[in-house]
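Peer 1: Model the following, please.
(2 chains)
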Amino acid sequence: MGQEINPQTNGFHHHLNGDRPDLLVLRPGLLFKVFEQEFLAKFNVLKAFESPLPLDKYLRDHAQSARAILCEAIVTRITADLLLQLPALQLVVADGTGVNHIDLAECHRRGISVTNTGDVFSEDTADYGVGLLIDVLRRISRADAFVRRGSWPLTPEFPVGRKVGGKRVGIVGLGNIGTKLAKRVEAFGCKVSYNSRTKKQSAPYDFYPTVVDLASQSDILIICCSLTDKTRHIINAEVLNALGKNGILINIGRGPIVDEETLVKYLVDAKIAGAAMDVYENEPRVPSELFGLDNVVLSPHRGAFTEEAFFDAFKIVMGNLDAFFANKSLLTPLTTNE
Amino acid sequence: MENVGVMMTTPMSAYLEQQLQQRFTLFKLWESSHSLADSVKAVVGDTKIGADSKLIDSLPRLEIVSTYSVGVDKIDLEKCRDRGIRVTNTPDVLTEDVSDLAIGLALATLRKICACHAFLTTGSWKNGDFQLTTKFSGKSIGILGLGRIGSAIAKRAEAFGCTISYHSRTKRQTTNYRYYSNAVDLAANCQILFVACSLTNETRHIVNREVISALGPQGVLVNIGRGALVDEHELVSALCEGRLGGAGLDVFENEPHVPEPLLELENVVLLPHVGTDTVETSMTMADLVVANLECHFLRKPLLTPVI
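Peer 2: Take a look at the predicted model:
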């Protein structure tokens, strides 16, 4: 209260709640864990996850003046009910790109700003999509495992792969990630087409009005779109039939975009030629029928997770928080249309 | 041409075997006895067994060596020149596949794609996430040997926003990539070094301890050329000691032997020399081998002669 000299922050500070502003963290995501010291240095972090109190009591006792919350996306849900318990809240800072877990409409109604991490993860995710594509076609993970278990001297030949060049790549969702992925695979001689909510006038690729149409004209279908009510289970039996028994599915979007049970069946029955998946309907559960399949590459949701991307994300998160508490414009605010 | 004796050195391709059988009298080195040596006018070799001095000496009627590869390091070129034996290889048709694999190796190594797959399928994901890995886009790329394959690697890397520099025997006038006059300087100025030059007496162990040190603990080496371009012993100790950040390797000094310490490392990707192993390119390469032989025996100009 009042003026205090804080040796950590140079000089006098005048805040309602002590030297540093409150920052509520219900559950620590990876970004918070990696950069925890930086957050603790600047904010009075309200660590709800460390309290033995039930959440509603904790919020009643400690978070009534909290103006900002930093939230992860895996478990936390910013619902209207939660927002009711945070009367002073004016800013929700998401630690990633997706905001499915946030009731944007309710935030808007309450005048609460929401920020995400903008575009910082899209390059790495696009890179990962290319890496998975080459892996499935050229059997890189399988060949590496073959060498590591000593099979190479015993079995001189490893089964051949398929050429990347000339393959028709269908991109579902030509947003930040899809656009970067398109540019990359073109350099390998792939032919790109896409389906998106709306046709992109500036995109030099063939547009297909439905995912089924796109799949029927693609050798490789790559999911790059976000998860919404419209995209849930958009990859279904009809799409997989159109993709065909020589087709390959790659999912670097979100698990529920694909009807996973159907996909597993199609892979086990060899009704499509292969798949690479970074995301699943119920992470970290992965259907074990996929483990033994020779033509499937499995990844534990690592498409965006590089040290570089995380540092860039941290800079945006901190930048948004700094801007908010200095009454300046937010770096990456979202509207209800996002 | 059915009476022309052609010898394959290894069972490199069932399709190629079939194509040769249809046109020539085919001998298989891994099956035949040498009493048929007088009938052999052509040798079809590969990256495992080419045509060394001993083999050439044992075939007095040999006229042409047509290798199922672009590399000719397993062929005694000097002896061929001396005896007037023609040599053909399979350039260009495999450039894309090899450069695709080079980028695939780089991505797999930096982003630990193979390790991620193993992590997931051994059930470890239930206990926590896999670690953060290293970004590929925007990194500085060094290419050792800016030939067909090196240039194709550069073109792909550029789409990822990478900056390209290179070292070659001679500086290329037609490119804007930054040139370094030696391998050490190149390694010191890039984060990912691709080895894409051909193996000759001059390039043996061109990636030596000094180059590996220059590449450093954050650096990654990708070798899709020949194992002997790299001092493998030094490479292994650098990786095990953390003096080199990682490596993606499709080739080794003594294939199919891979140094055991590498098998335990998570920062390496190890492939059994599959640079050109696709259904499509295997066939195209085989067709080119056959076409070169046909040209020779029909006294037409060779399509892709080395000598």
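
Peer 1: Helices of the chain, residue ranges please.
Peer 2: Assuming you mean chain A. For chain A, the helices defined by DSSP state H cover A:30-34, A:36-42, A:55-62, A:80-84, A:104-110, A:122-138, A:140-148, A:151-154, A:176-186, A:211-216, A:237-243, A:260-268, A:307-325.

Peer 1: meant chain B actually
Peer 2: Along chain B, counting by DSSP H, helices occupy B:14-23, B:53-57, B:77-83, B:95-110, B:113-121, B:148-158, B:183-188, B:209-215, B:232-240, B:279-297.

Peer 1: Also compute the angle for the first one relative to helix B:279-297, please.
Peer 2: Counting by axes from the mean of the first three to the mean of the last three Cα atoms, to 10 degrees, helix B:14-23 lies at 30 degrees to helix B:279-297.

Peer 1: and helix B:14-23 with chain A, contact?
Peer 2: No. Using Cβ under 8 Å from any Cβ of the partner chain, helix B:14-23 stays clear of chain A, coming no nearer than 10.1 Å. C-betas here are computed from N, CA, C, even on glycine.

Peer 1: Against which helices or strands is that helix packed?
Peer 2: Applying 3 or more Cβ pairs under 8 Å, 6 or more residues apart in numbering or on different chains; DSSP states H and E, we find helix B:14-23 packed against strand B:5-8, strand B:25-28, helix B:279-297.

Peer 1: do you know which of the ones you listed lies nearest chain A?
Peer 2: Closest approach to chain A among the helices and strands packed on helix B:14-23 (Cβ to the nearest Cβ): helix B:279-297, 4.2 Å.

Peer 1: Over the closest one, what's the mean pLDDT, rounded is fine.
Peer 2: Across helix B:279-297, the average pLDDT comes to 97.

Peer 1: What of stretch B:198-207?
Peer 2: Taken as a whole, stretch B:198-207 has an average pLDDT of 96.

Peer 1: hmm, who's touching it?
Peer 2: B:71-73, B:144-145, B:147, B:183, B:187, B:193, B:195, B:197, B:221, B:223, B:225-226, B:228-231, B:235 (Cβ atoms under 8 Å, 6 or more residues apart in numbering or on different chains).

Peer 1: List the buried residues in stretch B:113-124.
Peer 2: B:Ile113, B:Cys114, B:Ala115, B:Cys116, B:His117, B:Ala118, B:Phe119, B:Leu120, B:Thr121 (16 or more other Cβ atoms under 10 Å in any protein chain shown).

Peer 1: And for stretch A:254-261?
Peer 2: By 16+ other Cβ under 10 Å, the buried positions in stretch A:254-261 come out as A:Arg254, A:Gly255, A:Pro256, A:Ile257, A:Val258, A:Asp259, A:Glu260.

Peer 1: Can I get stretch B:54-72 as PDB, trimmed to CA atoms?
Peer 2: C-alpha atoms of stretch B:54-72 as PDB (Å, rounded to 0.1, in the frame of the first residue of the first chain):
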ATOM      1  CA  LYS B  54      40.400 -56.700 -59.200                       C
ATOM      2  CA  LEU B  55      37.000 -57.100 -60.800                       C
ATOM      3  CA  ILE B  56      38.000 -55.300 -64.000                       C
ATOM      4  CA  ASP B  57      41.200 -57.400 -64.300                       C
ATOM      5  CA  SER B  58      39.100 -60.500 -64.100                       C
ATOM      6  CA  LEU B  59      36.900 -59.500 -67.100                       C
ATOM      7  CA  PRO B  60      39.100 -59.300 -70.200                       C
ATOM      8  CA  ARG B  61      36.100 -58.500 -72.500                       C
ATOM      9  CA  LEU B  62      34.700 -55.700 -70.400                       C
ATOM     10  CA  GLU B  63      33.700 -52.600 -72.500                       C
ATOM     11  CA  ILE B  64      31.400 -50.600 -70.200                       C
ATOM     12  CA  VAL B  65      30.600 -50.100 -66.500                       C
ATOM     13  CA  SER B  66      27.100 -48.700 -66.000                       C
ATOM     14  CA  THR B  67      26.500 -47.900 -62.400                       C
ATOM     15  CA  TYR B  68      23.100 -47.800 -60.600                       C
ATOM     16  CA  SER B  69      24.100 -44.600 -58.800                       C
ATOM     17  CA  VAL B  70      25.400 -41.200 -59.400                       C
ATOM     18  CA  GLY B  71      28.500 -41.800 -57.200                       C
ATOM     19  CA  VAL B  72      31.400 -43.400 -59.000                       C
END
